[in-house]
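what would the 3D arrangement of this be:
(one chain, ligands or ions: 1)
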Amino acid sequence: MNNIVSNIQAIQNRINEACEKANRNPNEVKLLLATKTVSAENIKHAIEAGACIIGENKIQEIKEKYESLKSVVHEKHFIGHLQSNKIKEILRYEVSCLQSLDRLDLAEKLQQRLATENKELDVYIQVNTSGEESKFGVAPNDATTLVKSVATLKNINIKGLMTIGLFSAEHNKVRQCFALLKSIQQSIIRENIEGVDMKELSMGMSGDMEIAIEEGATMIRVGTAIFGNRIYPDSYYWNESKAVN
Ligand SMILES: *Cc1c(COP(=O)(O)O)cnc(C)c1O
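Modelled structure (predicted):
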């Protein structure tokens, strides 16, 4: 637990330093705790240490931790691949933002369900900026079109974009991913699409958060650097067959 508290402090220091370097205000960069595989107890410690946004990749984990986390005030985002048969559950478990919206058919089904339940949901559009087959997200060239279509769905509120950068030791290539997301954001803003808010850029993780902050991230998603290594490889979360739907 002490580790979690001091690790969050260390992340805040990294945010501050990166912001200083990039001439940005650290208040512009929110921290999301990437809590896959993390116990509810450890998540609570992190929330008590001052973090307030968590992100989960799987409905099953949200469900398992739901009761235990009720006692701490927090905001819950979904950052994993969402299958359309799980839409009901992200609403049932009070997810307030879906960061991984990457296709119109999912958005349309989500809209239907939201209308039925008389609810609204914030979303970020996930863009595949690395070009890797294994990663989800709309292709960069199709992002604006998707935003325009989703913008017509009344109960869905677009708040920004999300991406997972390339895993690479070559910082330039990682940086290109984040710069691409920023440039897509700028071009969508220029289109002035009604009902579209493009403030949020969710990008950067334990290994590349400084680069993301330098390129304009407003939210970084950090797991390992706070909670330690996970027992499952990330491919378990990211490489699920796209056919499963
Ligand atoms: C796990 C995960 C993260 C955090 O990754 P770390 O390297 O552990 O910081 C960020 N974003 C998504 C979508 C994730 O699945």
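
just how off-centre is stretch 66-79 within its chain?
With C-alpha atoms, centre = their mean, to the nearest Å as the basis, stretch 66-79 stands 15 Å off its chain's centre.

same question for that stretch: list its buried residues.
69, 74, 76-79 (16 or more other C-beta atoms under 10 Å). From N, CA and C alone the C-beta is placed, and that goes for glycine too.

pLDDT (mean, whole number) over it?
For stretch 66-79, the mean per-residue pLDDT is 97.

residue 91 touches residue 115, doesn't it?
No - assessed by C-beta atoms under 8 Å, residue 91 is found out of contact with residue 115, at 11.5 Å.

more crowded one of those two?
Higher neighbour count among residue 91 and residue 115: residue 91, with 17 against 13, using other C-beta atoms under 10 Å.

surely the more buried one is in a strand?
No - looking at residue 91 with DSSP: H, G, I helix; E, B strand; the rest coil, it is helix, so not inside a strand.

from residue 15, how far out is it?
Plainly put, residue 91 is 31 Å away from residue 15 if you go by C-beta to C-beta, to the nearest Å.

and if you look at residue 131?
When distance is defined by C-beta to C-beta, residue 131 is 28 Å away from residue 15.

low-confidence ranges in the chain?
1-2, 238-245 (pLDDT under 70).

give me that answer again for 80
For the chain, the stretches with pLDDT under 80 are 1-2, 134, 231-245.

what about the helix or strand encompassing residue 44 and the ligand, any contact?
Assigning secondary structure by DSSP states H and E places residue 44 in helix 40-48. No - figure legend: helix 40-48 not in contact with the ligand (C-beta under 6 Å from any ligand atom); closest approach 12.9 Å.

mind giving me the packing neighbours of that helix?
Judged by 3 or more C-beta pairs under 8 Å, 6 or more residues apart in numbering; DSSP states H and E, helix 40-48 is in contact with helix 2-22, strand 30-34, helix 59-69, helix 224-227.

quick check: buried residues in the last one?
So that's helix 224-227. Of all the residues in helix 224-227, those buried under the rule 16+ other C-beta under 10 Å are 225-227.

packing partners of it?
Helix 224-227 sits against helix 2-22, helix 40-48, with contacts defined as 3+ C-beta pairs under 8 Å, 6+ apart.

going by contacts, tell me the helices and strands next to the next helix or strand after the last one.
Translated: helix 40-48. Next along the chain after helix 40-48, taking DSSP H and E as the criterion, comes strand 53-56. Judged by 3+ C-beta pairs under 8 Å, 6+ apart, the packing partners of strand 53-56 are strand 30-34, helix 59-69, strand 75-78.

cutoff 7 Å now
If contacts are counted by 3 or more C-beta pairs under 7 Å, 6 or more residues apart in numbering; DSSP states H and E, strand 53-56 sits against strand 30-34, strand 75-78.

tell me how far residue 190 lies from the ligand.
To the ligand, residue 190 is 27 Å away according to C-beta to the nearest ligand atom, to the nearest Å.

circling back: just the buried residues of stretch 66-79 that are near the ligand?
Residues shared between those and the neighbourhood of the ligand are residue 79 [C-beta under 6 Å from any ligand atom].

could the buried residues of stretch 66-79 go into JSON lines alongside distance to residue 205?
Below are those laid out as JSON lines (distance: C-beta to C-beta, whole Å):
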{"residue": "69", "distance to residue 205": "22"}
{"residue": "74", "distance to residue 205": "19"}
{"residue": "76", "distance to residue 205": "18"}
{"residue": "77", "distance to residue 205": "14"}
{"residue": "78", "distance to residue 205": "16"}
{"residue": "79", "distance to residue 205": "10"}
